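S.K.: mind looking at a prediction? Sequence and model below.
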Protein chains: 2
Amino acid sequence: MSKAAASKEAGESNLTQTAYHAIRHKIMTNQVTTGERLSACKLARTLHMSRTPVREALSILQNEGFVEIHNGVGFFVKVITGKDLAELVEVRAALECLALESNTLELDRDGLARLKDSWDSMKEQLLAGQKPDIEAIMELDYETHDFLVASSRNSYLIDLIKNISVRFRQVQFLSVMALNDARNTVEQHITLLATLSSGNMREAVRLLREHIEDANVYISSDGPYDADETLTGEQA
Amino acid sequence: MSKAAASKEAGESNLTQTAYHAIRHKIMTNQVTTGERLSACKLARTLHMSRTPVREALSILQNEGFVEIHNGVGFFVKVITGKDLAELVEVRAALECLALESNTLELDRDGLARLKDSWDSMKEQLLAGQKPDIEAIMELDYETHDFLVASSRNSYLIDLIKNISVRFRQVQFLSVMALNDARNTVEQHITLLATLSSGNMREAVRLLREHIEDANVYISSDGPYDADETLTGEQA
DNA sequence: TCATGTCAAGTTGTATACATCATGCGTAAC
DNA sequence: GTTACGCATGATGTATACAACTTGACATGA
């Protein structure tokens, strides 16, 4: 949306940070797609700054795996392959489960209940035969995972997961979730939250792992990162 | 071209990469210690390049957690607290166990046997009453863990673990390993490798986790980073 | 039709310029 | 003797300069 002056964000006191977030956002929301060139010059012009902070941001993004650099040629949005995705899923499952396991006692009961309610009403909509609002489901999915992870006190773990999740969402954004997937997602979350409420942590962890690994299946099945059925619901 | 800043490393075709590795190495080997300033100007002079690639490298290192940036003030070697370390241990244990679990069949038997032999002779030296060669034990420890991790086919996982391990070693480098710790380390590795050879993966994973978490204990006990535990109580 | 050579435009990596700001030290004031 | 102030030094963030390179288009020739 806004091209410049996005530096209103909380602690973004320098242009490198601004550029970092702007470019990352571009990638996440697939305003630039997989394999596409990220010209430091153009980005600098777009963001109304010089190439220096842009290049610093791109260096970071390269290191994080969002961007590939072909030396002397340029920066490109990293091409995400099915293999990459499978790897991410594996690590994400392990880390989120760890996050959940490592802080049984810290779970905010109110938050849990609130999320469960949201999912329940989502389910009702689905049962009422309405076409699933994929965006809303994804949003709620993100919120739920973030909630579970955030209750870990391991800030390093939280950071790691955040990073993985973002790359994950980059792909999810592209993929088209089928009705069945939506049903599964909703169902899985409800079960998970209920299990958490009941205090059966062991089972909850198992469900969480299953749920994350399941996401892999539906994304891999028709993810456009190797074909391109661009059916994205653009928002902003 | 510049006056041959040593880009001896294989693929280091630009100065940013060179600077990145050089600074990272400085930190890892504690040539610059925790909390110390990393002046971009001085580094540039030392490395015979301009500030630009140095700053790009520092940006990456900041994002990786090796370096902290106080805006408008400068870059500093990240202060590692006991809490940081505990967090790292937790994540490292989970990830290394995942790496081990996820590739049972890929383990190189010869490599395994070779490592076991090394550890056995290390043990003999210890039993012979010789003062433990900490450096050698650590080296072997690194080698062993790298070996186990490398057999995973999840390259993303491998990268993550590599990164964590480096930060870990930064601290280990500082800590003084006692005789008992050395004995434990040696013993644990021997048991682990034997268990792996026997094919009891479940038990091997348990042992690996125990071993990694154990490392935390001896490091935390006399690591110099908690000499000033005053810094630990920082909150968001 | 295709291959080849040339050239302009744009990019890349790096160095340098420049204004602003942080820091430490000496001197003055108390 | 301690505190405060002011200034020199040097660091920071960012912009710009510059040579080398990539790229793609066009023209030329087979």
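M.R.: Nice, thanks for sending it over. As the structure is a computational prediction, the values presented were derived from the model and not from experiment.

S.K.: contact residues of chain A facing DNA strand D?
M.R.: A:N14, A:L15, A:T16, A:M49, A:S50, A:R51, A:T52, A:P53, A:G72, A:V73 (CB under 7 Å from any atom of the strand). From N, CA and C alone the C-beta is placed, and that goes for glycine too.

S.K.: which secondary structure element contains the nearest residue to the second one once chain neighbours are set aside?
M.R.: Closest residue to A:L15 in three dimensions, ignoring its sequence neighbours and counting by CB to CB, 6 or more residues apart in numbering or on different chains: A:P53, at 3.7 Å. In this structure, A:P53 sits in helix A:51-64 according to DSSP states H and E.

S.K.: so which elements touch that helix?
M.R.: Contact here means 3 or more CB pairs under 8 Å, 6 or more residues apart in numbering or on different chains; DSSP states H and E; on that basis helix A:51-64 packs against helix A:15-28, helix A:40-47, strand A:67-70, strand A:74-77, helix B:51-64.

S.K.: at 10 Å what do you get?
M.R.: Using 3 or more CB pairs under 10 Å, 6 or more residues apart in numbering or on different chains; DSSP states H and E, the elements in contact with helix A:51-64 are helix A:15-28, strand A:37-38, helix A:40-47, strand A:67-70, strand A:74-77, helix A:155-174, helix B:15-28, helix B:51-64.

S.K.: just put the ones you listed in TSV and tack on distance to B:T191, mean pLDDT and mean neighbour count.
M.R.: Shown next, in TSV, are the helices and strands packed on helix A:51-64 (distance: least, CB to CB, whole Å; pLDDT from 0 to 100; neighbours: other CB atoms under 10 Å in any protein chain shown):
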stretch	distance to B:T191	mean pLDDT	mean neighbour count
helix A:15-28	44	92	21
strand A:37-38	49	92	18
helix A:40-47	52	92	17
strand A:67-70	42	92	16
strand A:74-77	46	93	20
helix A:155-174	28	84	19
helix B:15-28	29	91	20
helix B:51-64	33	91	22
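
S.K.: quick one: which of those is nearest B:G111?
M.R.: Taking CB to CB, helix B:15-28 is the member of the helices and strands packed on helix A:51-64 nearest to B:G111, at 24.6 Å.

S.K.: relative to helix A:51-64, how tilted is that closest one?
M.R.: 60 degrees (axes from the mean of the first three to the mean of the last three CA atoms, to 10 degrees).

S.K.: touching DNA strand C at all, helix B:15-28?
M.R.: Yes. Residues of helix B:15-28 contacting DNA strand C under CB under 7 Å from any atom of the strand: B:L15, B:T16.

S.K.: angle of that helix against helix B:155-174?
M.R.: Interaxial angle, helix B:15-28 versus helix B:155-174 (the same axes, to 10 degrees): 40 degrees.

S.K.: ok now helix B:15-28, how far from the chain's centre?
M.R.: Taking CA atoms, centre = their mean, to the nearest Å, the mean C-alpha location of helix B:15-28 is offset from the chain mean by 15 Å.

S.K.: tell me which parts of chain A are close to DNA strand C?
M.R.: A:37-42, A:51-52, A:55, A:69, A:71-75.

S.K.: let's see 10 Å
M.R.: A:37-45, A:50-52, A:54-56, A:58-59, A:62, A:69-76 (CB under 10 Å from any atom of the strand).

S.K.: ok, A:A57 - contacts?
M.R.: A:15-24, A:38, A:40, A:43, A:47, A:49, A:67, A:75, B:56, B:59, B:63 (CB atoms under 10 Å, 6 or more residues apart in numbering or on different chains).

S.K.: grab the nearest non-local neighbour of A:G111.
M.R.: Per CB to CB, 6+ apart, closest to A:G111 is A:F147, 5.7 Å.

S.K.: same thing with A:T52?
M.R.: Distances taken as CB to CB, 6+ apart place B:T52 nearest to A:T52, at 7.1 Å, with adjacent residues excluded.

S.K.: and the one you found, how far from A:Y20?
M.R.: B:T52 sits 17 Å away from A:Y20, going by CB to CB, to the nearest Å.

S.K.: which residues are in contact with the closest residue to A:R169 other than its chain neighbours?
M.R.: With CB to CB, 6+ apart as the criterion, A:R169 has its nearest non-adjacent residue at 6.2 Å, and that residue is A:M28. Contact partners of A:M28, counting by CB under 10 Å, 6+ apart, are A:F66, A:V166, A:R167, A:F168, A:R169, A:Q170, A:V171, A:Q172, A:F173.

S.K.: can you pull out the low-pLDDT segments for chain A?
M.R.: By pLDDT under 70, the low-scoring segments of chain A are A:1-12, A:104-106, A:173-177, A:216-236.

S.K.: let's see 80
M.R.: Residues of chain A meeting the criterion pLDDT under 80: A:1-13, A:103-107, A:130-132, A:170-181, A:215-236.

S.K.: how much distance is there from the helix or strand A:D181 falls within to the middle of the chain?
M.R.: Using DSSP H and E, A:D181 maps to helix A:179-198. Relative to the mean C-alpha coordinate of its chain, helix A:179-198 is positioned 18 Å out (CA atoms, centre = their mean).

S.K.: packing partners of it?
M.R.: The helices and strands touching helix A:179-198, judged by 3+ CB pairs under 10 Å, 6+ apart, are helix A:109-127, helix A:134-150, helix A:201-222.

S.K.: I am finished for the moment; much appreciated.
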